[in-house]
Every structure is written in structure tokens, then in C-alpha cells.
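Peer 1: fold the stuff below for me.
(chains A and B)
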There are 2 protein chains.
Amino acid sequence: MASGKMILYWGSGSAPCWRPMLVLAEKGLSDKCTSKRLEFSKGQHKGTDILAINPRGQLPAFQDGDVVVNESGAICMYLEEKYSDDSNRLLPQNVNERAEVYQRMFETSNIISNVQEPIVRYRYRTKTEDLDHGYLKEKTVKAKEELDRWNTILKGKDYLCGGKFTMADVFFYPYLALFVRSGAKLADQPELERYYETVSKRPSVQATWPPHWKEGPGPGTLSDL
Amino acid sequence: MASGKMILYWGSGSAPCWRPMLVLAEKGLSDKCTSKRLEFSKGQHKGTDILAINPRGQLPAFQDGDVVVNESGAICMYLEEKYSDDSNRLLPQNVNERAEVYQRMFETSNIISNVQEPIVRYRYRTKTEDLDHGYLKEKTVKAKEELDRWNTILKGKDYLCGGKFTMADVFFYPYLALFVRSGAKLADQPELERYYETVSKRPSVQATWPPHWKEGPGPGTLSDL
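Peer 2: Numbers count the residues shown, from 1 in each chain, chains lettered A, B, ... in the order given. Next up is the predicted model:
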């Protein structure tokens, strides 16, 4: 089924890296793709082998024969279009239904700009004594509003776009799992909590769970959520 | 050709709003879509008509009969998949060529995180006397690196993915035009400058040029680029 030698370079705990791993697992392609885990802490994502295919020195980086694709969303779309059959599609064939999936896929950029960047990344890159607590308080309010929106979207639905796991879930879930790992309790977002529990049990998710998350607890940067 | 009553709500000078307008123009659909220009400065994007279809109160907001799509990328994908014929496709039919277009589409998120957010948006929301010039200097270096990357991508190509205007250009160009409007001179990025001049002359771009940009000069927030 594969068109060439498939290689995915990834780092443990990176939400963007987790996305194509989920697509590969959902399609039964994990064994056909060489998986190369790199260590961000050792700067391996800036190595010459990565820079040769991804000048940004970022993961995921992906190659399938002569085709190089690096952006997580683009890798997912490529895998979907190249390797789907009727048993494993992550995008509906009906154009109107597919529009809803695209809506949620692109809408995940809001959880990055409202939760990931202003709190998780900010706390990661700032020394404890330099933290601006006024800023954090303000951003925490916005982050809660963001999670509330997704809670509303999930009302009455198993997955983001209805009864089926789709590419929208592939884009969204890795960040949700990262937020829970970072201490978010989802106590005020029961639909989101239920969704988290359901998707977390999925075989593709279990098979691709970030290895280093199994070794110890997360950093607690979202414990106010 | 249209499946229902098409309406696009947009604001002048918003790069996300410009994207679906470009797709409509490229496909000769502009006349089939009711265009409602709203004023951000008057808070019209938070009006009840917008909130009814987009709970985020953001533009663009779009409706085609019963189909509601709001995220700019999702609207573009919907229009492409619903209304393309052999004369006006913005995504190549070959899956490997399409992967390159997806790569550049998703890669535009980097110009938002490296140029738009840290400089244009930061200067817009910060009082002149509160500006952190050390921060701005550091971000300006990263912004230049970002523009350099796109300059490299464009070497020997008319458009981002080769000889044809594609969805990658739809995603990228409105931000580039916003940067030039904001004072970026592109003196160190000759390929990007050439590309800017070429795409700016395109009939679809001319027909959708932000109306208020014709009334006076931009804010100069990127004059160090």
C-alpha cells in the first residue's frame, strides 16, 4: 500500500507529532512507517538529518519516498488522501459533512492561541520568579472560556463531529490530552471530560501514548483549569 | 452552481477574511455570494446575527444554505471542494503535488506566530510608552528569519508551489500584503518582493483589495523589516 520508504521523526509529548501517529495507527499503517523518536532536550530536532528535509528544524518531519511533508496538518491530509479506503476514512465523503470536520480542524488553532501558548508555553519558558501573575490570571479566564466552547460543541456527541472519530479529533485530542497531563481537571467541562475518557481508551491512542508520560506526572502548569 | 443562499461576513484589512474572498473571486463566484462588510471598530462582529452562526464572534463568518463554516481555512476548503471545475482548481489533483500545497498552507501559521502576533498585534494592543523595545528587537530578528524562509521557498518559482496560483497562495498572500501595508520593505527578500508584485496585480486580488487601504497609508508597525 505504501508508495515508498515511509519515515516519521517525532518527539514524545508533542501534540503536533502525535497527530500523524494517530492517523497512521487508525489506518493500520504504523508498521509500514519507520518511526524515529528524537529527544528535544538533546536538540536532535536540529540535527543535520532533520534540517535536510525540514529547514525549520521542527518535528514532526515526514518522508514517504520522494514526498517530504513536515507540517502536522499537512502530513495528516497527505496520509488521508493517499492511504484511505472505505474502512478507515477520517474525512467524510459528503462535502457538507466534510466542511464541518474542516471547521473543527482549523478551529483547534484557538486552543493553541488561548491555552497552549499563553499558559503552557509561557510557564515553560519563564522562570518561576519572573511569572506575571496578573497576566496568568487573565489568560486563565480566557483559557476556561476556550474549554467551555469545546464543551458546548461536544454536547450530545461522541466525537467532535458526531458519532464517528474524524480528522477533527486527530487535530484536537492531542492538545486536550496535553492539557490534562498539565493539570487541567475539566471539572467545569463535563462533556469534554467524557470525551477525553472515551478517546483516551481508543486503541490508536493507547498505541501512540507519549512514552515519557508513562514515567511520571506532568508539570501542573494548568492546575488552575 | 451555488447550492443555497451564500453569505460572507467580512472586515476590511483582515487577512483571514481576505482568503475566502480570493477563492470566491478566483472561481468567479463573487457575484453569487452576498458580501456583508462589517466594521470591527464598531463591534459589529459581535452582533447577534454573527453570534447566531459563529459563537466566537469572529470574522469571516460564512453560510451557504444550511452549511455554516467560519474558520477561514475551512471556508476555503469547502468552496474548493464544492465549486471547482477543471478551469479553476486551487488544489492540484495529483496527491503528491497536493501534499506540497498543504505543506505551505499549514506552514503559514508560522508567519502568524513569528510576525503577525509578536509585532503587528503586539504594537496594535500596546500603548507606545509601554512598548518593550528589547522584546521588539528580538522578535524583529525572528520575523526577518521567517521572511527569509519564504524568500528561499520562492526561489525560481512564480508562486509558492511552482508555476500556478494555488490554495497555498490564498493562505499566504493576504498576510504578506498586510505586512507590506504595515511597512515591511522586503529589501532583503527579493524573491518575496517579486512575488508580492506579481500576485498584487492578479485580478482576484485587485477586485478584493481591502477598501480602507485605498484611503490612506498603513500604521508602519513593521518599518524595521
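Peer 1: okay, the nearest residue to residue A:168 once chain neighbours are set aside: pLDDT?
Peer 2: Of all residues beyond its chain neighbours, the one nearest residue A:168 is residue A:104 (3.6 Å), with distances taken as C-beta to C-beta, 6 or more residues apart in numbering or on different chains. C-beta here means a position set from N, CA and C on the backbone, and glycine is covered the same way. Listed pLDDT for residue A:104 reads 98.
Peer 1: residue A:104 reaches residue A:153, doesn't it?
Peer 2: Yes: look at residue A:104 against residue A:153 with C-beta atoms under 8 Å: they come within range, at 7.3 Å.
Peer 1: quick revisit: contacting residues for the residue nearest to residue A:168?
Peer 2: A:153, A:160, A:161, A:168, A:171, A:172 (C-beta atoms under 8 Å, 6 or more residues apart in numbering or on different chains).
Peer 1: ok, residue A:15 next?
Peer 2: By C-beta under 8 Å, 6+ apart, the contact list for residue A:15 reads A:116, A:174, A:175, A:177, A:178.
Peer 1: got any residues that touch both of residue A:104 and residue A:153?
Peer 2: Common neighbours of residue A:104 and residue A:153 (criterion: C-beta under 8 Å, 6+ apart): residue A:160.
Peer 1: show the buried residues in the contacts of residue A:15.
Peer 2: Neighbour counting by 16 or more other C-beta atoms under 10 Å in any protein chain shown classes A:116, A:174, A:175, A:177, A:178 among those as buried.
Peer 1: distance to residue A:37 and secondary structure for those residues - can I get that in JSON lines?
Peer 2: What follows is these, written out as JSON lines (distance: C-beta to C-beta, whole Å; DSSP: H, G, I helix; E, B strand; the rest coil):
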{"residue": "A:116", "distance to residue A:37": "22", "secondary structure": "helix"}
{"residue": "A:174", "distance to residue A:37": "16", "secondary structure": "helix"}
{"residue": "A:175", "distance to residue A:37": "20", "secondary structure": "helix"}
{"residue": "A:177", "distance to residue A:37": "18", "secondary structure": "helix"}
{"residue": "A:178", "distance to residue A:37": "17", "secondary structure": "helix"}
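Peer 1: what's the farthest-apart pair in those residues?
Peer 2: Maximum pairwise distance in the buried ones among the contacts of residue A:15, criterion C-beta to C-beta, is 12.1 Å, between A:116 and A:177.
Peer 1: how far off centre is the lowest-mean-pLDDT helix or strand in chain A?
Peer 2: Least confident helix or strand, chain A: helix A:122-125 with a mean of 90, by mean pLDDT, DSSP states H and E. Between the centre of helix A:122-125 and the centre of its chain there are 19 Å (C-alpha atoms, centre = their mean, to the nearest Å).
Peer 1: CA atoms only: put that helix into CSV for me.
Peer 2: Listed next in CSV are the C-alpha coordinates belonging to helix A:122-125 (Å, rounded to 0.1, in the frame of the first residue of the first chain):
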residue,chain,number,x,y,z
TYR,A,122,4.6,30.8,28.8
ARG,A,123,5.2,28.9,32.1
TYR,A,124,7.6,26.6,30.4
ARG,A,125,9.8,29.4,29.1
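Peer 1: what ranges do the strands span in chain A?
Peer 2: Here chain A has its strands, by DSSP state E, at A:6-11, A:33-38, A:61-64, A:67-69.
Peer 1: residue contacts, the closest residue to residue A:153 other than its chain neighbours?
Peer 2: Nearest residue to residue A:153 in three dimensions, chain neighbours excluded: residue A:160, at 6.4 Å (C-beta to C-beta, 6+ apart). Residues near residue A:160 by C-beta under 8 Å, 6+ apart: A:104, A:153, A:154, A:166, A:168, A:169, A:172, A:195.
Peer 1: from the contacts of residue A:104, which single one is nearest chain B?
Peer 2: If you rank those by distance to chain B using C-beta to the nearest C-beta, residue A:153 comes first, at 9.0 Å.
Peer 1: what's the neighbour count on the closest one?
Peer 2: Applying other C-beta atoms under 10 Å in any protein chain shown, we find 19 other residues in the vicinity of residue A:153.
Peer 1: same thing with residue A:42?
Peer 2: 9.
Peer 1: ok, it to chain B distance?
Peer 2: 23 Å (C-beta to the nearest C-beta, to the nearest Å).
Peer 1: ditto for residue A:79
Peer 2: According to C-beta to the nearest C-beta, residue A:79 and chain B sit 9 Å apart.
Peer 1: just give the nearest non-adjacent residue to that residue, would you?
Peer 2: residue A:23 (4.7 Å).
Peer 1: likewise residue A:211?
Peer 2: residue A:12 (5.1 Å).
Peer 1: what residues of stretch A:48-61 count as buried?
Peer 2: A:50, A:54, A:56, A:58, A:59, A:60, A:61.
Peer 1: swap in stretch A:85-93?
Peer 2: In stretch A:85-93, counting by 16+ other C-beta under 10 Å, buried: A:90, A:91, A:92.
Peer 1: and what of stretch A:179-195?
Peer 2: A:179, A:180, A:181, A:182, A:183, A:184, A:186, A:189, A:191, A:192, A:193, A:195.
Peer 1: between those, which sits nearest residue B:214?
Peer 2: The closest of the buried residues of stretch A:179-195, once distances to residue B:214 are taken by C-beta to C-beta, is residue A:179, at 43.8 Å.
Peer 1: gap between the closest one and residue A:218?
Peer 2: Applying C-beta to C-beta, to the nearest Å, the value for residue A:179 to residue A:218 is 10 Å.
Peer 1: need the residues of chain A near chain B, please.
Peer 2: For chain A, the contact set with chain B under C-beta under 8 Å from any C-beta of the partner chain comprises A:55-56, A:66-67, A:69-74, A:77-78, A:81-82, A:95-96, A:98-100, A:102-103, A:105-107, A:109-110, A:113, A:117, A:149, A:152.
Peer 1: which of these count as buried?
Peer 2: A:56, A:67, A:69-74, A:77-78, A:82, A:96, A:98-100, A:102-103, A:105-107, A:109-110, A:149.
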